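# model the following, please.
(2 chains)
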Amino acid sequence: MKLGFLVDLNLCMGCKGCEIACKVENEVPLSSWRLRVKYIDIGTFPDTSRSFTPLRCNHCENAPCERICPVSALHYLDNGIVNIDSSRCIGCAGCMMACPYGAIYMDPESNTADKCTYCAHRIEGGLMPACVVACPVEANIFGDVEDETSHISRYIMEHQGDIQVRKPEKHTNPKHYYVGGGNQTLNPLAHERIEGYGLFNNITHLDTLGDPHHSILDRFLTPIFGGHNDHLKNESFVDMPNEAGHDAHEEGGHH
Amino acid sequence: MDHVSTIEATKAVVTLDVALPGIIWGWMITLNMWAKSIGTGVILVGAFLLYRHKKEDMPNLRWLMPLISFIALNVFLLFTLVDLHQPLRMVNIFLHPHWTSAITVGAWMASLFTGLVTLMALIGGLNHFSDFRKHCPVAKGVRKMNGVYEKVFPFVVFLAFPVTMYTAIIMAQSSARELWAAPAEIIQMLLAAFMVGSASLILISGKWSEKARRDLALILALSVMFSFLMYMSEYFFSYKAAEVEATLAYIHSGGSYNLQFWSAMVLGYIIPFFIAWGSLKVDNRIMMKFAAVTTLIGLYLAKSTWLEIPQMIPLS
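Numbers count the residues shown, from 1 in each chain, chains lettered A, B, ... in the order given. Okay, here's the model as predicted:
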């Protein structure tokens, strides 16, 4: 069994229902995302179009994050899921450096790496991932890619020639497929990220990695003396400093 | 919103997304790499000098070489630990090692290397300062192990090579950052070790023979020259890979990384090269010390630039 995911971008309408379902199901803290839907505008007014691209862990068959993890916190399950054991993670961020898809984040509450696990806990109980259940247009298709009778396998067969994975040149063999994707939606270098220019937010960079209120000394002391996360409330993230408004053009390079 | 008018008509623009992480491995990892280069470099350059010259030509090398290495390696280990988000779980690397990871292999090798260098520093230091803790039984015991120093040294030199290079493998395993390619980074790490190894030893070579000092100048000149050539090759000719080109755009297009990179090249490579090359003919101790200091500063800036720019490009 090899579980895989397919997103039909022709169906996705960018409602972000999957994002929210994922957040709720996995209690993903504010400022962190296991699954996100990116909006990309293409063309010049009035000939413009907007595409919506859900992005999550690709559960690669040849996962760089699993290879670089020094303590096997990231490991394969028998069904192909790349799972993470947060209790073993040392927080070196090697996996974040290795993942070509930027799918791993440092959980600000546990100060360990975390990511989409295809809702491994739900799969174990015979349920579908939360994002699949929440999608109103069934753009998220999940199943066993080795079973040729599964929905996902049949979908892949029906859309031969229009199936893509992100960054195939990295030889990671992703088990996450897209139908209807293009270079401009799947290649991050093919579109611009302009700071301070967004629909409902200022697209920006996080100022901190992990817990924004966690000093280096805290990293040593809290596991011994406790108190870790006592101060963490949602409000603390709302006021989290970031570089919003900072004009990244001054830095030069790509955005 | 003035910049909107500068977007190309054919260019796609992200109009709604989450905030992405910025620099993941920052100054602490730069310091980590820089200190490790010193820690292994002084051993490699010291071994070369001991092979070429008599001990009497370099009277303080036997105890200062392992001591400098010991201090640098402890800085390296400290900042490795401090950079972890769960530093107390570092023990998991030894309890649950995952051998495909260069981080694991490197941590084991670096720990062994540091242990052996500590032993050499103790033996060398206590024998040099023979009156220090004269009646302490532990110090007496260590002094009696004088012969162990020479027996351990070849293993330390052998181990210095992989300890120097394993960070390049970590960078190569960081598949998301294409700028860091294994062959180039391995050579750069070795050259960096020879650069700062010779620079550190220049600072303590005041009473050494002229021939030994000339060898130090030669090592510094050659290592900075080859390292500089590699940086220039990557800077000017890395346009084949789209991601590498996009990464180097953070230097090419001006801004703070451009300033940092060229400051690194001038301080760490161009200035030391000409001073060291000149010192091959006319020994100038003050200028060589100046070159050593600029090399140490320049390498830090170069490492910092090369570490940070690949982290600036969006991955998704």
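# pretty sure A:Gly4 sits in a strand.
Yes: counting by DSSP: H, G, I helix; E, B strand; the rest coil, A:Gly4 falls inside a strand.
# next one: it from A:Leu209, what distance?
Using CB to CB, to the nearest Å, A:Gly4 is found at 30 Å from A:Leu209. Glycine gets a C-beta too; all of them are placed from N, C-alpha and C.
# compare neighbour counts for these two and give me the winner.
A:Gly4 (24 against 21; other CB atoms under 10 Å in any protein chain shown).
# that one against A:Phe142, yeah?
Yes: judged on CB atoms under 8 Å, A:Gly4 makes contact with A:Phe142 at a distance of 7.5 Å.
# any shared contact partners between those two?
Common contacts of A:Gly4 and A:Phe142 (CB atoms under 8 Å, 6 or more residues apart in numbering or on different chains): A:Ile152.
# list the contacts of the strand or helix carrying B:Ala276.
Take DSSP states H and E as the rule and B:Ala276 turns out to sit in helix B:271-279. Here helix B:271-279 makes contact (CB under 8 Å, 6+ apart) with B:195, B:199, B:213-214, B:217-218, B:220-221, B:224-225, B:228, B:284, B:287-288, B:290-292, B:294-295, B:298.
# quick one: buried residues of it?
B:271-273, B:275-279 (16 or more other CB atoms under 10 Å in any protein chain shown).
# ok, stretch B:104-123 next?
Quick answer for stretch B:104-123 (16+ other CB under 10 Å): B:104-110, B:113-114, B:116-123.
# which residues of the chain fall in helices?
Reading this off chain A. Taking DSSP state H to define them, one finds helices in chain A at A:17-26, A:64-68, A:94-98, A:120-124, A:130-134, A:151-158, A:183-186, A:216-225, A:234-238.
# oops, chain B please
Using DSSP H, helices in chain B cover B:27-52, B:61-83, B:92-95, B:102-128, B:137-144, B:146-173, B:182-202, B:210-237, B:242-252, B:256-265, B:271-279, B:285-308.
# domain ranges for chain A?
Annotated domains of chain A cover A:3-191, A:205-255 [automatic domain parsing].
# quick one: closest of these to B:Ala264.
domain A:205-255 (16.6 Å; CB to CB).
# give the rounded mean pLDDT of that closest one.
Domain A:205-255 comes out with an average pLDDT of 62.
# just the buried residues of the contacts of helix B:271-279.
Applying 16+ other CB under 10 Å to the contacts of helix B:271-279 flags B:195, B:199, B:213-214, B:217, B:220-221, B:224-225, B:228, B:287-288, B:291-292, B:294-295, B:298 as buried.
# can you give the contact residues for stretch B:39-49?
B:58, B:61, B:65-66, B:68-70, B:72-73, B:76, B:113-114, B:117, B:153, B:156-157, B:160-161, B:163-164, B:192-198, B:200-201, B:212, B:215-216, B:219.
# got the CA positions of that stretch in PDB?
Output of stretch B:39-49 as PDB, limited to C-alpha atoms (Å, rounded to 0.1, in the frame of the first residue of the first chain):
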ATOM      1  CA  GLY B  39      39.300  23.700  15.200                       C
ATOM      2  CA  THR B  40      40.300  21.300  12.400                       C
ATOM      3  CA  GLY B  41      42.400  23.800  10.400                       C
ATOM      4  CA  VAL B  42      45.000  24.400  13.100                       C
ATOM      5  CA  ILE B  43      45.400  20.600  13.400                       C
ATOM      6  CA  LEU B  44      45.800  20.100   9.600                       C
ATOM      7  CA  VAL B  45      48.200  23.000   9.200                       C
ATOM      8  CA  GLY B  46      50.000  22.100  12.400                       C
ATOM      9  CA  ALA B  47      50.500  18.500  11.200                       C
ATOM     10  CA  PHE B  48      51.900  19.800   7.900                       C
ATOM     11  CA  LEU B  49      54.400  22.100   9.700                       C
END
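# distance between that stretch and the chain's centre?
12 Å (CA atoms, centre = their mean, to the nearest Å).
# one more: stretch B:43-51?
17 Å.
# and what of stretch B:301-314?
With CA atoms, centre = their mean, you get 16 Å for stretch B:301-314.
# give me the most central residue, chain A.
A:Arg56 (3.3 Å; CA atoms, centre = their mean).
# got the contact list for the nearest residue to A:Tyr178 once chain neighbours are set aside?
Spatial nearest neighbour of A:Tyr178, excluding adjacent residues (CB to CB, 6 or more residues apart in numbering or on different chains): A:Gln164 at 4.9 Å. Listed by CB under 8 Å, 6+ apart, the contact partners of A:Gln164 are A:177-179, A:181, A:186.
# around chain B, pick out the residues from the stretch 1-150 of chain A.
Counting by CB under 8 Å from any CB of the partner chain, the residues of the stretch 1-150 of chain A close to chain B are A:31, A:33, A:36, A:38-44, A:50, A:55, A:64, A:67-72, A:88-94, A:96-103, A:105-106, A:111-112.
# derive a PyMOL selection command for the buried subset of those residues.
Buried subset of these, written as a PyMOL selection, criterion 16+ other CB under 10 Å:
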select buried, chain A and resi 31+33+36+38+39+40+41+42+55+64+67+68+69+70+71+72+88+89+90+91+92+93+94+96+97+98+99+100+101+102+103+105+106+111+112
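# what pLDDT does whichever residue of the stretch 1-150 of chain A sits closest to chain B get?
For the stretch 1-150 of chain A and chain B, the shortest gap (CB to the nearest CB) falls at A:Gly91, measuring 2.6 Å. As predicted, A:Gly91 sits at a pLDDT of 96.
# contacting residues for it?
A:106, A:111-113, A:210, B:84-87, B:89.
# kindly recompute the last result at 7 Å.
Contacts for A:Gly91 were tallied using CB atoms under 7 Å, 6 or more residues apart in numbering or on different chains; they are A:106, A:111-113, B:84-86.
# residue nearest the centroid of chain B?
B:Ser37 (2.6 Å).
# just checking, that one touches B:Phe194?
No: using CB atoms under 7 Å as the test, B:Ser37 is too far from B:Phe194 to be in contact (8.9 Å).
# look at the residue nearest to the centre of chain B and report its pLDDT.
Confidence score, pLDDT, at B:Ser37: 98.
# ok, now which ones touch it?
Contacts of B:Ser37 (CB under 7 Å, 6+ apart): B:192-193, B:196, B:299.
# can you name the two of these that are farthest apart?
B:Ala193 and B:Leu299 (9.9 Å).
# centre of the chain to the helix holding B:Ala276, how far?
Centre to centre, stretch against its chain (CA atoms, centre = their mean), the figure for helix B:271-279 is 20 Å.
# report the angle between that helix and helix B:210-237.
Helix B:271-279 runs at 140 degrees relative to helix B:210-237, counting by axes from the mean of the first three to the mean of the last three CA atoms, to 10 degrees.
# now the angle between helix B:256-265 and helix B:271-279, please.
Using the same axes, to 10 degrees: helix B:271-279 against helix B:256-265 is 10 degrees.
# circling back: identify the residue spatially nearest to the residue of the stretch 1-150 of chain A closest to chain B, adjacent ones excluded.
Nearest non-adjacent residue to A:Gly91 (CB to CB, 6+ apart): B:His85, at 2.6 Å.
# hmm, the one you found is touching A:Phe220, no?
No: B:His85 is beyond contact range of A:Phe220, at 11.2 Å (criterion: CB under 7 Å).
# which one of these two is surrounded by more residues?
Higher neighbour count among B:His85 and A:Phe220: B:His85, with 23 against 16, using other CB under 10 Å.
# what about chain A: which of the contacts of stretch B:39-49 touch it?
Restricting the contacts of stretch B:39-49 to those touching chain A (CB under 7 Å from any CB of the partner chain) yields no residues.
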